[in-house]
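1. Sequence first, predicted model second:
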Amino acid sequence: MADYEIPETREFPIIPSIMEGAMAHSTPFVAGEEFQSDMGFPFTEEPGQLIEGWKERFLELMEEKLSKYRSLQVFMDICVKCGACTDKCHYFIGTADPKNMPVARQDLLRQVYRRYFTFAGKHFPKLVGAVDLTEDVIKDMYSYYHQCSECRRCAVFCPFGIDTAEVTMAARDMLAMIGMGQKYSNQIIPKVHKIGNNLGLPEPALVDTLEGLEEEVEDDIGVKVRFPLDEKGAEILLVTPSADFFAEPHIDGLIGYGKVFHAAGVTWTMSSKASEAANFGLFIGSYEHMRQISLRIRDAAKELGVKRIIFGECGHAWRVAYNHLNTLAGPWDFLDQNYPIPQHILEFTKDCLDRDILNIDKSENDHMTLTFHDSCNIARASRIGDTPGSQFTTPRQVIQAVCNNYHDMSQDTIHDQTFCCGGGGGLLTDDLMELRIKGAQPRMEALKNVSKDHGVTHMAAICAICKSQFTKVLPYYGMTMDQIVSVHQLVSNAIILEGQGEEAADSDDTEAAA
Ligand code: SF4
Ligand code: SF4
């Protein structure tokens, strides 16, 4: 593990004393020509240089966004500096850098807005905190708009609902258009366009992986559970994050989905064309890239002739799917209208549990005491089901249907007040490791407290990014990476399929007879 100063975890949250510039050095790699051009974005010879005429271009883009997105204009105008959001961001709590206060993050753009788009700012800039757009201001924006995971926690506490995530998305998009795109996101998105997933896993590699998984599950439980790819005529298309194909604990979740589909007796398939649920177009604030990624799902669904689309465990993917799939890639009139379009895998599993068609042995999870981490993008931007708050109740109902031991973390750290894992919003990159570790502090604190008070040993999550982030940061806080689990991993442990264990029982009988 690299050597970082790890924030202390305490029994009660304490607002940190301000440390000016504490994270000014934190800045992700800028995308060079290769990645900017793949995205259709402008570039310069050296990553980090601004394009010619950058200032005019930035202001032109800002004017466009202000007229196109009424919310952005309102957010720029209505902040009254009440301070309610200041201590609500996990990056401020973990780093103490005042520019990580949500209001200060918004102000990076607001000060420019005031200077160029308001009467007072044009004529009396100093009086209203308006500043000229300079290269230093752009550098500050690049750094601090990449210290926001677009989690929306601040918006929950703002009396006006100012959504810093939207400001961040707008800022990142404008930065990319003057040559300051982020390398991590901009190298991933073209892989989805060209190959179908963030990892660039081609079809043969996927086939191999899924065949290997079928063998592994059969060896384990003696039942042939299928993990089909590109099977025309299947009823359901599963769109899942590509991390589910290989990463831990994600893959255990994929095994869980397969077992549930098997037990439910439905036909399903994954697609090599849409082998990615993640949609990084959201993170960089690019409507066009978000749309193109979503259209791959539509194409795959049509080509395969499926009737339903189900999304696997991925937070921001579900945010995009739940909120935007219809406008980005609809109409979905060729799908079966009797089911939600799209549907979350937890809705499917909960329905099977409610109908009592899954054979569950909860004691299979008795070696663990669970808690649940609400992923921001699901908690604050979607539902799982059709009732208010179902995004909170559905995962907990599923977990408690398959586990005997469960405790929530402190109320002010769950549901709509949940803390980001620290790696969301396009920040899950090693060049931002210090930020990720410090940003995870509030969640680590809550986890340690529930472990101390209730003996919690594991935390379940339904987001690929959260799972990857926690796997990496748990050891920095004195815990182990296997303490983070997939919700469908718990389902997988508890579900008993027809014929499961019979082979083992038969061979025991044979041995006994011999
Ligand atoms: S959206 Fe989340 S990460 Fe961004 S400023 Fe608000 S609380 Fe912080
Ligand atoms: S809570 Fe809202 S109005 Fe108050 S300072 Fe923060 S962004 Fe501004």
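-> Great, that's in hand. Ligands and ions are numbered 1, 2, ... in the order given.
2. C-alpha only now, for contacts and for neighbours.
-> Noted.
3. hey, where'd the strands end up in the chain?
-> 236-239, 268-269, 308-311, 343-344, 370-372, 458-461, 484-486 (DSSP state E).
4. now the fifth one, how far from the chain's geometric center?
-> Its chain's C-alpha centre and that of strand 370-372 lie 18 Å apart, by Cα atoms, centre = their mean, to the nearest Å.
5. For G385, list the residues it contacts.
-> Residues near G385 by Cα atoms under 8 Å, 6 or more residues apart in numbering: E347, Q391, T394.
6. typo on my end, R110
-> By Cα under 8 Å, 6+ apart, the neighbours of R110 are M76, A130.
7. got it, and N197?
-> K191, S242, A274, S275, E276.
8. E203 is in contact with S272, isn't it?
-> Yes. Counting by Cα atoms under 8 Å, E203 touches S272, with 5.6 Å between them.
9. For this protein, what lies in contact range of ligand 2?
-> Contacts of the chain with ligand 2, taken as Cα under 6 Å from any ligand atom, map to C79, V80, K81, C82, G83, A84, C85, V103, C158, P159, F160, I162.
10. let's see 5 Å
-> Taking Cα under 5 Å from any ligand atom as the criterion, the chain approaches ligand 2 at residues C79, V80, K81, C82, G83, A84, C85, V103, C158.
11. and the residues you listed, which are buried?
-> By neighbour count, with 16 or more other Cα atoms under 10 Å, the residues of the chain next to ligand 2 hold C79, C85, V103, C158 as buried.
12. isn't the last one right next to K88, touching?
-> No. In terms of Cα under 8 Å, C158 does not count as a neighbour of K88; the distance is 9.7 Å.
13. show me what contacts the closest residue to E20 other than its chain neighbours?
-> Sequence neighbours aside, D97 is the residue nearest to E20 in space, at 5.5 Å (criterion: Cα to Cα, 6 or more residues apart in numbering). Neighbouring residues of D97 by Cα under 8 Å, 6+ apart: I18, M19, E20, G21, A22, M23.
14. Dihedrals phi and psi, the last one?
-> The one in question is M23. For M23, the backbone dihedrals are phi -120, psi 20 (criterion: degrees, to the nearest 10).
15. Give the closest residue to it in space, chain neighbours not counted.
-> Leaving aside its sequence neighbours, M23 sits nearest to D97 (Cα to Cα, 6+ apart; 6.1 Å).
16. for the residue nearest to I251 when sequence neighbours are not counted, what are its contacts?
-> What sits nearest to I251 in space, not counting adjacent residues and going by Cα to Cα, 6+ apart, is D244, at 4.5 Å. Residues in contact with D244, defined by Cα under 8 Å, 6+ apart, are H250, I251, D252, G253, L254, A464.
17. Near the fifth one, how many residues? Count them for me, please.
-> In this case it means L254. By other Cα atoms under 10 Å, 25 other residues sit near L254.
18. So K88 versus F117, what's the distance?
-> Counting by Cα to Cα, to the nearest Å, the separation of K88 from F117 is 29 Å.
19. Return the distance of C463 relative to V485.
-> 10 Å.
20. These two - which one has more neighbours?
-> Neighbours per residue (other Cα under 10 Å) separate C463 from V485, with C463 holding more: 28 against 24.
21. Name the residues of this protein found near ligand 1, please.
-> C89, P102, C148, S149, E150, C151, R152, R153, C154, T164, A165.
22. Number of residues surrounding E231?
-> By other Cα under 10 Å, the residues close to E231 number 17.
23. Look at it and report its pLDDT.
-> With respect to pLDDT, E231 scores 98.
24. I'd say it and L304 touch.
-> Yes. Checked against Cα under 8 Å, the pair E231 and L304 is within contact range at 6.7 Å.
25. what about stretch 205-219, average pLDDT?
-> Rounded mean pLDDT across stretch 205-219 is 97.
26. any residues touching that stretch, and which ones?
-> Counting by Cα under 8 Å, 6+ apart, V223, K224, V225, R226, F227, P228, L229, F245, F246, I255, S272 sit against stretch 205-219.
27. So what does the fifth one look like in phi/psi?
-> Backbone torsions for F227, taken as degrees, to the nearest 10, come to phi -130, psi 80.
28. In contact with it, which residues?
-> By Cα under 8 Å, 6+ apart, the neighbours of F227 are L210, E211, L213, E214, G258, T269, M270.
29. do you know how far the first one is from T240?
-> It stands for L210. Distance, L210 to T240, by Cα to Cα: 13 Å.
30. before we move on, what about the fourth one?
-> In this view, E214 and T240 are 17 Å apart by Cα to Cα.
31. Tell me, how many residues neighbour the residue in the stretch 201-350 of the chain that ligand 1 sits nearest to?
-> Going by Cα to the nearest ligand atom, ligand 1 is nearest to F283 of the stretch 201-350 of the chain, at 11.5 Å. Other residues near F283 number 23, with proximity taken as other Cα under 10 Å.
32. C420 and A440 touch, don't they?
-> Yes. C420 lies in contact with A440 (Cα under 8 Å); the separation is 7.2 Å.
33. neighbour-wise, which of these two wins?
-> C420 (28 against 25).
34. got the contact list for the more buried one?
-> H90, S149, C151, S375, C376, G439, A440, R443.
35. Now, the residues you listed that are in helices?
-> H90, C376, G439, R443 (DSSP state H).
36. got CSV for those residues, with neighbour count too?
-> Below are the ones in helices among the contacts of C420 laid out as CSV (neighbours: other Cα atoms under 10 Å):
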residue, neighbour count
H90, 26
C376, 28
G439, 28
R443, 22
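37. Between which two of those residues is the distance greatest?
-> Spanning the widest gap among these are C376 and G439, at 13.6 Å by Cα to Cα.
38. May I see the contacts of C420 arranged in JSON lines, with pLDDT as well?
-> Below are the contacts of C420 laid out as JSON lines (pLDDT from 0 to 100):
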{"residue": "H90", "pLDDT": "98"}
{"residue": "S149", "pLDDT": "98"}
{"residue": "C151", "pLDDT": "98"}
{"residue": "S375", "pLDDT": "98"}
{"residue": "C376", "pLDDT": "98"}
{"residue": "G439", "pLDDT": "98"}
{"residue": "A440", "pLDDT": "98"}
{"residue": "R443", "pLDDT": "98"}
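39. which of the contacts of F227 count as buried?
-> L210, L213, E214, G258, T269, M270.
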